[in-house]
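Enquirer: Sequence and predicted structure below; questions after.
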There are 2 protein chains.
Amino acid sequence: MQQEGLGVKQRRITIADVADALGVTKGTVSRALNGYSDIADSTRLRIQRKAQELGYRPLSHAQAIRTGKVRSIGLVLQINAHDAQRPFLADFLAGVTKGASDEHWTLTVSTAASDADMRDTLTRLVEERKADGFILPRALRRDYRVELLRRLEVPFVLYGRTPDMAGCPFYDIRGEEAMEEAVLRLAAFGHRRIGFINGGLEYYYSALRLEGYKAGLAKAGIAYRPEYVQEDAVTVAQGHAAGERLLGQAEPPTAVVCAVDMAALGLYQAIRAAGQEPGRDVSVIAYDGVPEGAYAQPPLTTFAVDSRRAGERLARLLITRIRGGHPDTLREFDRAQLVVRGSDGPPPRPDFTN
Amino acid sequence: MQQEGLGVKQRRITIADVADALGVTKGTVSRALNGYSDIADSTRLRIQRKAQELGYRPLSHAQAIRTGKVRSIGLVLQINAHDAQRPFLADFLAGVTKGASDEHWTLTVSTAASDADMRDTLTRLVEERKADGFILPRALRRDYRVELLRRLEVPFVLYGRTPDMAGCPFYDIRGEEAMEEAVLRLAAFGHRRIGFINGGLEYYYSALRLEGYKAGLAKAGIAYRPEYVQEDAVTVAQGHAAGERLLGQAEPPTAVVCAVDMAALGLYQAIRAAGQEPGRDVSVIAYDGVPEGAYAQPPLTTFAVDSRRAGERLARLLITRIRGGHPDTLREFDRAQLVVRGSDGPPPRPDFTN
DNA sequence: TTTTGTTTCGAAACCGGTTTCGGCAAGGGT
DNA sequence: ACCCTTGCCGAAACCGGTTTCGAAACAAAA
């Protein structure tokens, strides 16, 4: 346990120490440890053993000066007011650092307040070689970060999808499947008037989730009614407003699917303001799995995403990409997990209007 | 591999380029740019100008190999279930990266799931020189991270205070002042039975805030009643439970100060469960300024902390510490900002019991 | 036996910076 | 006129690794 006290501040074990201990040269040690084929197996074994015994760990920034690779994952977070990713941030970071440190990589994070800021930050990190590649969270409909990094020939991996996915590694959770399943579940309860509150318009996921909602309606044999769809609600306030627009109609929905939990919490307020009770008078199924949903009244039925796993998978994908993996093989999907709580059920009375 | 694409991928400007352009040696350029005194001012100016013109930026990891400093701030986040810091994480990170990048530093973040994990992660980052120093968020009553880094002789700066502050740089917000002010404010409204729901016991801030609460009582001339104090509530659920214990008493408080917003939101539930209305029957003042508080019914009166500023100040303090600043001069305080919303006011009827 | 390969490793250059050392020239004192 | 500083900068070593090049040792082929 690293006692080694009183300020002696013991010198690190360098590659030269390992070489000297074995009577070989630094070059031999380096090649042995890096898997070059011109090293006898017996020698490689001796060197690996001794390195292990001495506790030798190469300094990544010393390697970087020759190789150009610093073994670091870059992550630039967009910080804006309506930021639905915040609740998951800690879990997401935990996942990324897990995936990174398993391979002895590290995570370099920065933040950007605007698109221009994002560009600058990315280019700066690339120019100063602070990261070998980037995880791009929250894929946009038209993602300028992708264009930038492609031009700079810097590896990246997307969290989410974007229309033009050619040669673009990504990890994503099929939110559209969840939306479809939500509609079908509500239809099975007997709902026929099912609304949809969508998430952020600038993100591609909102396009996908809308498709999922429509697919669900189609499978359930319910006609699509544009007035039942509200776009661009990612906060409680926006969900509240969207809910008011939905419930203020002559023939309001008896159930609403929300693309984002926080919007659903706002919808709760709108439902109550209309003198009704969420879950009893209006069913709600949402998506994300934020902790607040579990404490809401009634507890929110939702499709939970595993942000930690997402972070870990993204880190792994990026690392193999940087190591030369072909982009088209680096694509991964997961499903959101339905968590049944108390906000959905049969409609208050059977509905024959549709 | 590394096919070196058809993109010209122009070579970086190195220190040698600058030197050649001016007919001087690398050493001269280096010393000029790093403020050595044995360089003529005229030469220094020429070199600075040319470096600027060419867009030369030294590679921090190339510098690091000689200097041992990578110009990176380390941040290891403890990830556990009852994590009150999550809401602020994005803002906090934004602040830290702002403070860091202003000085051309970067932020290396990692996570730890347990104390042992935290130790390992810190030592690993130190051994591999991934960070020159650390920001330690959430100071504990007895902070083993401080002991560890002291022993390793690695610079750090604490977010919060800890009992033994000798030679320990820190930034903190005086939560105790806020608690005191909250009590006085409630007393001014006419409350005499003021409860207190404290935060996480393992953190030193809870000791301080309890003192602040007591100081407020003393100033208001109200006797301290131990049964009015609940400890260790940082989540909605814990706040709910603490609220039940408070309200279940024969002579329940008419106002409650909460050390943590999330606990206050739980207290709301307990108040309603007791058939009363928060803000009208029981006043609540809390601390943190989480966004959920603004959307709660009634909106929560609270002392908001500026996490972004905290992150930025901490980054600056750490950097000057690493540059040799004396620890005892690196101490900074801020105040929390009272945000008056709708959860506090006069007691329902005057109280003469005390 | 000589030639030709192979395998394996040492020697040294190299990456992009920093830092030490010493020498030259100008200035100051006597 | 001489010595001694002092200011300024070039030369070269150095940091901890990686990578190239070539040669020694041995085996296989001629």
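Expert: Structure received.
Enquirer: Was I right to think A:Val157 contacts A:Pro169?
Expert: Yes. Look at A:Val157 against A:Pro169 with CB atoms under 8 Å: they come within range, at 4.5 Å. All C-beta spots, glycine's among them, are computed from the backbone N, C-alpha and C.
Enquirer: any weak-confidence spans in chain A?
Expert: A:1-9, A:81-87, A:350-354 (pLDDT under 70).
Enquirer: how does it divide up, domain by domain?
Expert: Domains of chain A are assigned by automatic domain parsing as A:15-58, A:72-172+A:307-334, A:175-305.
Enquirer: Ranking the ones you listed by mean neighbour count, which comes first?
Expert: domain A:175-305 (a mean of 21; mean count of other CB atoms under 10 Å in any protein chain shown).
Enquirer: before we move on, back to that, joint contacts of A:Val157 and A:Pro169?
Expert: Residues touching both A:Val157 and A:Pro169 (CB atoms under 8 Å, 6 or more residues apart in numbering or on different chains) are A:Leu317, A:Leu318, A:Arg321, A:Leu330.
Enquirer: Which strand or helix spans the residue of the stretch 101-250 of chain A found nearest DNA strand D?
Expert: Proximity of the stretch 101-250 of chain A to DNA strand D (CB to the nearest atom of the strand) peaks at A:His104, 11.8 Å away. Using DSSP states H and E, A:His104 maps to neither a helix nor a strand.
Enquirer: Show the contacting residues for it.
Expert: So A:His104 contacts A:Arg57, A:Ser60, A:Arg71, B:Glu128 (CB under 8 Å, 6+ apart).
Enquirer: cutoff 10 Å now
Expert: A:Arg57, A:Pro58, A:Ser60, A:Arg71, B:Arg124, B:Glu128 (CB atoms under 10 Å, 6 or more residues apart in numbering or on different chains).
Enquirer: re earlier: which one of the domains of chain A lies closest to B:Val260?
Expert: B:Val260 lies closest to domain A:175-305 among the domains of chain A, at 14.4 Å (CB to CB).
Enquirer: Over to A:Arg185. Which of the three states is it?
Expert: helix (DSSP: H, G, I helix; E, B strand; the rest coil).
Enquirer: And it, how far from A:Phe303?
Expert: Going from A:Arg185 to A:Phe303 by CB to CB, to the nearest Å gives 10 Å.
Enquirer: Give me the common contacts of those two.
Expert: Common neighbours of A:Arg185 and A:Phe303 (CB under 10 Å, 6+ apart) are A:Val257, A:Ile285, A:Leu338.
Enquirer: shouldn't A:Ala310 be in contact with A:Phe88?
Expert: Yes. In terms of CB atoms under 10 Å, A:Ala310 counts as a neighbour of A:Phe88; the distance is 8.3 Å.
Enquirer: and for these two, which residues touch both?
Expert: In terms of CB under 10 Å, 6+ apart, A:Ala310 and A:Phe88 are both contacted by the residues A:Gly95, A:Pro137.
Enquirer: these two touch, right, A:Gly199 and A:Val257?
Expert: No. If you go by CB under 10 Å, A:Gly199 and A:Val257 don't touch, sitting 11.3 Å apart.
Enquirer: For those two, list the residues in contact with both.
Expert: A:Arg209, A:Tyr287.
Enquirer: count of residues packed around A:Ile65?
Expert: Neighbourhood size, A:Ile65 [other CB atoms under 10 Å in any protein chain shown]: 16.
Enquirer: does it count as helix, strand or coil?
Expert: Assignment for A:Ile65 (three-state DSSP): helix.
Enquirer: didn't it look like it was pressed against B:Leu59?
Expert: Yes. With contact defined as CB under 10 Å, A:Ile65 reaches B:Leu59; the gap is 7.3 Å.
Enquirer: Now A:Ala21: closest residue in space that isn't a chain neighbour?
Expert: Using CB to CB, 6 or more residues apart in numbering or on different chains and skipping the chain neighbours, the partner closest in space to A:Ala21 is A:Lys50 (5.7 Å).
Enquirer: quick one, strands of the stretch 101-250 of chain A?
Expert: Here the stretch 101-250 of chain A has its strands, by DSSP state E, counting those that start in this stretch, at A:106-112, A:133-136, A:156-159, A:170-173, A:194-197, A:229-230.
Enquirer: In chain A, which residue sits nearest chain B?
Expert: A:His61 (3.4 Å; CB to the nearest CB).
Enquirer: Identify the residues contacting the residue of chain A found nearest DNA strand D.
Expert: Going by CB to the nearest atom of the strand, DNA strand D is nearest to A:Gly27 of chain A, at 2.5 Å. For A:Gly27, the contact set (CB under 10 Å, 6+ apart) comprises A:Ile15, A:Ala19, A:Tyr36.
Enquirer: Go through those and say which is closest to B:Thr111.
Expert: Looking across these and measuring by CB to CB, the closest to B:Thr111 is A:Ile15, at 29.8 Å.
Enquirer: was I right about the closest one contacting A:Lys50?
Expert: No. With contact defined as CB under 10 Å, A:Ile15 and A:Lys50 do not form a contacting pair (11.3 Å).
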